[in-house]
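S.K.: next come a sequence and a model predicted from it.
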Amino acid sequence: MNYQKLKEGLIAITLLIFSFFYTNKAVELVQNADPIMKEIKASSKKYEVLPQNALIIGDKIIPGQNGLEVDYQESYQKMKKYGSYNEALTTLKEMEPAISVNDYYDKYVVTGNSESKEVALIFKVDKTTDILSLSNMLKDKGVTATFFVDGVVLENNLASILELKDFEVELLNYNGSYERDFFISAKKYLEDITKKEAKYCYLDYDKEEVINLCSSLKMHTIMPSIKVDKNAYSEIKEKLSNSAIITIPSNISLSNIVVALDYLQKRGYKFLTVDNLISESLEK
């Protein structure tokens with residue numbers, strides 16, 4: 001009895017699936033024969049922008065960029081409601097590159113992908129960092145940045161970390177270490193505070209054990225293209241390029257940092273978070 005009911009159920013489900021399949025096919029055939037859809041497809045090429053693949057150079061990667069294509073269904077539905085073909089109602093959608101940074105966690109991300117004047121600033125936060133003064137200065141100047149915070153600092157200075165709510169905050173390490181259990185625990189704690197997924201690790205130089213850890217957690221590892229040592233202005237000026245990822249030590253004087261920021265602003269550079277700078281989306 002149960003077997004018979006099961007058999008009947010499977011037959012019914014199979015028929016239903018085939019019914020949906022043939023119904024969708026029939027709808028597709030009707031739409032493709034519609035003069036509106038024909039015109040949409042005929043004019044689609046002029047809107048197409050091919051995606052750019054991410055560039056892999058050894059153990060480093062530079063993100064690619066999404067392309068554009070016509071969203072046939074969305075465009076068709078809008079024009080059908082309008083009653084005729086109307087080019088102004090053409091809707092576009094992004095298409096991802098075949099080689100995307102989102103598929104590679106075992107490579108160091110070293111710059112963004114834009115030729116525009118954009119940079120991402122990184123500040124590493126340890127126990128010596130005056131978080132309040134630094135964050136207030138950045139807010140006053142209208143500069144966004146990404147803070148990589150040590151896990152111990154995160155645990156012991158919650159009030160100060162909350163001052164970074166207007167910035168992007170990621171996990172640096174745990175008391176200078178990348179021991180897996182401590183790192184994962186600190187990562188979860190950070191996510192509980194920010195209500196956002198921790199997506200990035202940070203390294204100044206190649207370190208296989210770290211990139212292996214971060215890769216296993218589906219986190220990209222950032223390695224900046226400009227690492228300031230003592231003089232932010234002169235070192236940034238010497239190496240500056242579009243889409244640069246710049247690390248400025250948070251223990252150097254605020255006046256030193258301000259001079260560098262003024263220089264970047266006068267040069268017309270836009271400040272993005274790391275997440276925005278390396279995004280392959282066309283909307284930043």
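M.R.: Here it is on my side, so go on. Since the structure is predicted, the reported quantities are computational estimates derived from the model, not experimental observations.
S.K.: domains for this structure, by residue range?
M.R.: Taking automatic domain parsing as the domain assignment, the ranges for the chain are 2-54+64-97, 108-277.
S.K.: average pLDDT for the last one, rounded please.
M.R.: pLDDT averaged over domain 108-277 equals 94, rounded to a whole number.
S.K.: how far does that domain sit from the chain's center?
M.R.: 14 Å (C-alpha atoms, centre = their mean, to the nearest Å).
S.K.: returning to what we had before: closest one to residue 283 among the domains of the chain?
M.R.: For residue 283, the closest of the domains of the chain is domain 2-54+64-97, at 8.0 Å, according to C-beta to C-beta. Glycine gets a C-beta too; all of them are placed from N, C-alpha and C.
S.K.: can you list the domains of the chain in CSV and add mean neighbour count and distance to residue 283?
M.R.: CSV is the format used below for the domains of the chain (neighbours: other C-beta atoms under 10 Å; distance: least, C-beta to C-beta, whole Å):
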stretch, mean neighbour count, distance to residue 283
domain 2-54+64-97, 14, 8
domain 108-277, 17, 10
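S.K.: residue 57: how many residues sit nearby?
M.R.: Around residue 57 sit 10 other residues, with neighbours defined as other C-beta atoms under 10 Å.
S.K.: all helices of the stretch 1-150 of the chain, in order?
M.R.: 2-33, 35-42, 72-82, 131-140 (DSSP state H, counting those that start in this stretch).
S.K.: how about low-confidence regions in the stretch 1-150 of the chain?
M.R.: For the stretch 1-150 of the chain, applying pLDDT under 70 flags the ranges 1-30.
S.K.: ok, 80 please
M.R.: 1-31, 128-129 (pLDDT under 80).
S.K.: what angle separates the top strand by length along the chain from helix 131-140?
M.R.: When secondary structure is assigned using DSSP state E, the longest strand within the chain turns out to be strand 118-125. Strand 118-125 and helix 131-140 are oriented at 160 degrees to each other (axes from the mean of the first three to the mean of the last three C-alpha atoms, to 10 degrees).
S.K.: and strand 118-125, what does it pack onto?
M.R.: Under the contact definition 3 or more C-beta pairs under 8 Å, 6 or more residues apart in numbering; DSSP states H and E, strand 118-125 sits against strand 146-149, strand 244-247, strand 270-272, helix 274-277.
S.K.: which of the ones you listed sits closest to residue 218?
M.R.: That would be, of the helices and strands packed on strand 118-125 and by C-beta to C-beta, helix 274-277, which comes in at 14.3 Å.
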